[in-house]
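S.K.: Here's my sequence, what's the structure:
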Amino acid sequence: MNRTTAETKWKALRVRIKETWGDLTDDDLDRFDGQRDQFVGHIQERYGMTRQDVERRLDEIDRAEGADSNWGGSAVHSPG
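M.R.: Got it, this is the predicted structure:
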């Protein structure tokens with residue numbers, strides 16, 4: 001994937017993430033850019049969600065956007 005395509009996908013993911021967790025700012029996303037584990041921990045603390053729920057939602061966002069994201073795959077997978 002070329003750099004332009006990766007940047008476009010990352011911008012789309014950021015939009016979806018901000019739609020999901022509405023009070024996140026660009027600064028929040030910039031702070032955790034490429035650091036999924038730290039971002040998940042931040043969302044857990046800020047929204048009172050379980051790690052599994054945050055990971056599941058990020059995976060859904062990845063799939064909806066075509067999922068060659070900077071976030072990589074989830075470390076938590078639920079059976080199903």
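S.K.: Closest to the centroid, which residue in this protein?
M.R.: The structure's the chain has its C-alpha centroid closest to residue 58; by Cα atoms, centre = their mean the separation is 4.5 Å.
S.K.: what about the helix or strand harbouring residue 11, distance to the chain center?
M.R.: For residue 11, the enclosing helix or strand under DSSP states H and E is helix 3-20. Distance of helix 3-20 from its chain centroid, counting by Cα atoms, centre = their mean, to the nearest Å, is 9 Å.
S.K.: follow-up on the earlier one: does the residue nearest to the centre of the chain belong to a helix or a strand, and which?
M.R.: helix 51-64.
S.K.: any idea of the mean pLDDT for that helix?
M.R.: When pLDDT is averaged over helix 51-64, the result is 92.
S.K.: in that helix, what's buried?
M.R.: 53, 54, 55, 56, 57, 58, 59, 61, 62 (16 or more other Cβ atoms under 10 Å). Backbone N, C-alpha and C define where each C-beta goes, glycine included.
S.K.: how about those residues in CSV, adding distance to residue 18?
M.R.: Shown next, in CSV, are these (distance: Cβ to Cβ, whole Å):
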residue, distance to residue 18
53, 18
54, 15
55, 18
56, 18
57, 13
58, 13
59, 17
61, 11
62, 15
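S.K.: Need the max-distance pair from these.
M.R.: By the measure Cβ to Cβ, 53 and 62 form the most distant pair in the buried residues of helix 51-64, at 15.0 Å.
S.K.: helices and strands around the helix or strand of the chain with the lowest mean pLDDT, which ones?
M.R.: Within the chain, no helix or strand scores below helix 3-20, which has a mean of 82 by mean pLDDT, DSSP states H and E. Contacts defined by 3 or more Cβ pairs under 8 Å, 6 or more residues apart in numbering; DSSP states H and E place helix 3-20 against helix 26-31, helix 51-64.
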